[in-house]
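Novice: Predicted model and sequence below, questions to follow.
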Amino acid sequence: MKVHLIVLAVLLLPFSSFAQKEKREKKDPWTSTELWIPVPINRQLWHDKIDKIQLAADEFDHTKDGRITVKGDTTSSDKLTDALLRHVDQLQQIIENLPLDHFKKITYLTELQVSIKEFTFDQANGKVDAELYTNTVDNYETLIKKRELGGDILDDINANFSRSLYNLMPMFKENGPAIAAVYTNMVRLYPDEMFKKLREYKDLPAAEDMLAHIAPKQPNLILTYANSTSLERAIVRRCKDQLVKKIVEIADRAKTPLKAIVYLEDLRDGSMSINDVNAVTEVPELYFKSLMKQRMKPNLLTKKILDRESKMQALEYVRVMNELHESTDLVRFKCLENLTPNEMYFLMVLCSDEIYTSTFVGTFNRMLVKMAPMKGDAFLQDLNMDKFRTFIRMCAGYNKLDEFIATIDEENRNTLMAKFVKNIDKNTETDLEDAVDVADSFGSINDPNVLDYLLGEVEANYERVYKENNKRGLIIYFLLHTLCNSAINPDASNDELQKQLRVPPITFIPYRNLTNDSGSVVEQVFFYGDEDGMNSFASFQAIFKADEWKSVKNDKWLTLTSIKGKPMTVYANLPLAEPLDEEAQRSLCDYMDKNKISPSIIAHRGHSYHLSTTMSHLSATNKIIILGSCGGYHNLSTILEHSEDAHIISSKQTGSMRINDPILSDLHKLILGGQDVNWIDYWNGLGIQMKTPQLQDLFNDYVPPHKNMGALFLKAFKIQMQENG
């Protein structure tokens, strides 16, 4: 509203004053179309602030035309123009015409300014909600009317709620029931947003509503609150929701609440009591067996917790078998004696990233014996096909797929393999994990007939998602089709595969990509303080010849600098006794960060259960990542999150220093010579060195970057999803 000051005469005739007063009394300030008295100069500033917001909104499209334009949206443009230009002008006029004192009018003008001031910010960020601002201005007028004409706003809030009332709450902050109603409605309509603001309304009933909403989705969070000393504890404990009350009971009566929460649905429906749960969770073997039975139930409330606990308990068995890899089978696999074939199955699929080759093979063989005479397909059906793609992929990787398929009647074998590639896209929570399992298996299946059949099934699913117009599914099946074709035709051009996948070069990495700004290549190697790590470190040091490398050691790490050929520096932490090994790693990383030293090559030398520690230090600057550990092949997704362009060498099964050392040594030779790394030539050269059958078997477990189908799938998937919006 553009207000023009009028110079008033100091003295007015009494009759004239009376006449004007008489005229005003006959007018309605809510409907009047004119300003009755000019705005005094001491209130002009507050109108100017509102006018500036209106002007900025009008001129945002670089045209001052009295219209707020939302590109391509005439309806929103009309609503915003009416609300923020016409209606706000009218409100300024109403405020001035109301029989209020100067300070009350300033209060109203300030509240009006605050209610619309975010508009220009939202406009600049492309987040304008026309309905929100229309409601804001309309509700602002309603609130003023309620104040001046009388009446409670509570009925209006419940009958016609919009989030604009949340923004306008300062206008009725003294009205407790109205504030409570706003929060209740906000929690109902915008629970995710309001959960982040829980403490803002901690003493209101809406806080209890919020936790009742969260409980089915995050029961472990409610449990954490119930056991905490934070203010959320009070909210949880006064909440009347039955599910929340059951979680509080677990917090108070369970001996190990973090384990007991898995049984929340059983406790809620009365099929188990707290005493039953305590009896199970106290005995590790009973707890593991019980968890495996829980997996067979439609467990919606605690699925994520169940998955976590299942893996943790399964790892207890797998790590024992891994650590006893030099013991006799009688000793090593004794822990499996009391387990059913179902339970042994879950040991394998839940621990795919840590299980040793021999541990898998030993567990698989014992599972098969106990499974008989049940057919393999019936066995998987009994398991609700839980993680069956992981199982098929592992069987292929460990050369056990033919043996498992042989347990299935011939006419049903193709049915299982069809399920392996069918409907991957149907579950968006697991589609990537499942697709990577399928892609990985293509590189391990040696039977051309099986690959041909899988290719046909992939094509059928591609046609299905095409008809469904499922873009994500199209990308998944296009990539699987491309990779399956590559496995069928291994001699085909890798350049053509790269072109089809639209990924960066997969067969080579230029030398210049490995150098830093100083023209040097930096490598960092992670060692661990167990016996294997100490032996590996000693073997690693032996590959650096004294006439080619300068060696400097302090109390936490070793630095090796080339004195021949191109500049290269290798940093390796010392394998100090645990937990000093990780402290040495952190000290080395701190030193490198402080001196802005970024490694382009990372090598992990340790068991797979140490791999997560190494991966926590990965970054986008890493171009080659060498996972010299068992199971490194199964951590691709996490690695590529940190280093999306990395070329990954990994082991599907057993990592060995007898392979890891030549991998590093040959790579160093290429770098010192300033040569690009051609993975095909490099890998062929390594293969020639592996002359004995034992070395050849170990070497065959390793996957070079250009054959790492899981990594190729993930890289290509990310690129194509970005290209397709």
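Specialist: Perfect, I can see it now.
Novice: use CA for all of it now, contacts and neighbours both
Specialist: Noted.
Novice: Can you list the low-confidence ranges for this structure?
Specialist: Within the chain, the segments meeting pLDDT under 70 span 1-26, 493, 608-609, 628-635, 637, 652-655, 725.
Novice: Repeat the analysis, applying 50 as the threshold.
Specialist: 3-24, 630-633 (pLDDT under 50).
Novice: Domain parsing of it, as residue ranges.
Specialist: 14-151, 205-282, 321-501, 513-723 (automatic domain parsing).
Novice: Among the ones you listed, which comes closest to K303?
Specialist: domain 205-282 (8.1 Å; C-alpha to C-alpha).
Novice: can I get the domains of the chain in CSV with distance to N158 and mean neighbour count?
Specialist: Listed next are the domains of the chain as CSV, based on distance: least, C-alpha to C-alpha, whole Å; neighbours: other C-alpha atoms under 10 Å:
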stretch, distance to N158, mean neighbour count
domain 14-151, 13, 16
domain 205-282, 14, 18
domain 321-501, 37, 18
domain 513-723, 43, 18
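Novice: Work out the gap between stretch 192-201 and the centre of the chain.
Specialist: Taking C-alpha atoms, centre = their mean, to the nearest Å, one finds the center of stretch 192-201 at 21 Å from the center of the full chain.
Novice: And that stretch, end to end?
Specialist: 15 Å (C-alpha to C-alpha, to the nearest Å).
Novice: can you map out the helices along the stretch 551-700 of the chain?
Specialist: Applying DSSP state H, counting those that start in this stretch to the stretch 551-700 of the chain gives helices spanning 580-594, 611-615, 636-642, 657-672, 679-689, 693-700.
Novice: In terms of secondary structure, what does the last one contact?
Specialist: What it means is helix 693-700. Counting contacts by 3 or more C-alpha pairs under 8 Å, 6 or more residues apart in numbering; DSSP states H and E, helix 693-700 packs against helix 657-672.
Novice: If I take the helix it packs on and helix 679-689, what angle do their directions form?
Specialist: 130 degrees (axes from the mean of the first three to the mean of the last three C-alpha atoms, to 10 degrees).
Novice: who touches helix 657-672?
Specialist: 511, 521, 536, 539-540, 543, 562, 564-568, 628, 676-677, 682, 686, 695, 698-699 (C-alpha atoms under 8 Å, 6 or more residues apart in numbering).
Novice: Which one, of the helices of the stretch 551-700 of the chain, ends up nearest to N160?
Specialist: Of these, nearest to N160 by C-alpha to C-alpha is helix 636-642, at 45.3 Å.
Novice: residues making contact with that closest one?
Specialist: 615, 618-620, 646, 710-711, 714-715.
Novice: Format those residues as TSV; extra columns: distance to L636.
Specialist: TSV is the format used below for the contacts of helix 636-642 (distance: C-alpha to C-alpha, whole Å):
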residue	distance to L636
M615	10
L618	12
S619	14
A620	14
A646	10
G710	7
A711	6
L714	8
K715	10
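Novice: which among the residues you listed gets closest to R389?
Specialist: Nearest member of those to R389, counting by C-alpha to C-alpha, is G710, at 13.5 Å.
Novice: tell me the contacts of that closest one?
Specialist: 436-437, 439-440, 636.
Novice: which ones among these are found in strands?
Specialist: Assigned to strands by DSSP state E, none of those qualify.
Novice: which two in these are spaced the farthest apart?
Specialist: Pairwise over those, using C-alpha to C-alpha, the maximum falls at A439 and L636, 12.2 Å.
Novice: circling back: for the helices of the stretch 551-700 of the chain, which one sits closest to V280?
Specialist: Judged by C-alpha to C-alpha, the one of those that comes nearest to V280 is helix 611-615, at 30.4 Å.
Novice: Does anything pack onto that closest one? Which helices or strands?
Specialist: Looks like helix 611-615 contacts no helix or strand (3+ C-alpha pairs under 8 Å, 6+ apart).
Novice: now the helices for the stretch 51-200 of the chain?
Specialist: 74-80, 88-97, 102-116, 119-124, 130-149, 154-159, 164-167, 176-189, 191-195.
Novice: Rebuild those as CSV, extending it with distance to D386.
Specialist: Shown next, in CSV, are those (distance: least, C-alpha to C-alpha, whole Å):
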stretch, distance to D386
helix 74-80, 49
helix 88-97, 60
helix 102-116, 53
helix 119-124, 46
helix 130-149, 46
helix 154-159, 46
helix 164-167, 45
helix 176-189, 35
helix 191-195, 30
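Novice: so which of those helices gets nearest D402?
Specialist: That would be, of the helices of the stretch 51-200 of the chain and by C-alpha to C-alpha, helix 191-195, which comes in at 48.4 Å.
Novice: could you give the angle of the next helix or strand after that closest one to helix 176-189?
Specialist: Counting by DSSP states H and E, the next helix or strand C-terminal to helix 191-195 is helix 205-214. On the basis of the same axes, to 10 degrees, helix 205-214 is oriented at 10 degrees to helix 176-189.
Novice: What is helix 205-214 packed up against?
Specialist: Contacts defined by 3+ C-alpha pairs under 8 Å, 6+ apart place helix 205-214 against helix 176-189, helix 191-195, helix 231-238, helix 242-253.
Novice: so what secondary structure elements neighbour the helix or strand just after it?
Specialist: Using DSSP H and E, the helix or strand that follows helix 205-214 in sequence is helix 219-227. Counting contacts by 3+ C-alpha pairs under 8 Å, 6+ apart, helix 219-227 is packed against helix 231-238, helix 242-253.
Novice: Output these as CSV; include the columns distance to V703.
Specialist: Shown next, in CSV, are the helices and strands packed on helix 219-227 (distance: least, C-alpha to C-alpha, whole Å):
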stretch, distance to V703
helix 231-238, 49
helix 242-253, 47
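Novice: quick one: which of these is nearest S486?
Specialist: Among the helices and strands packed on helix 219-227, if distance is taken as C-alpha to C-alpha, the winner is helix 242-253, at 51.6 Å.
Novice: Off-centre distance for that closest one?
Specialist: Helix 242-253 sits 29 Å away from the centroid of its parent chain (C-alpha atoms, centre = their mean).
Novice: just the angle between it and helix 219-227, please?
Specialist: 60 degrees.
Novice: what comes into contact with helix 242-253?
Specialist: So helix 242-253 is contacted by 211-212, 215-216, 219, 222-223, 226-227, 236-237, 239, 257, 260-261, 264, 267-268, 274 (C-alpha under 8 Å, 6+ apart).
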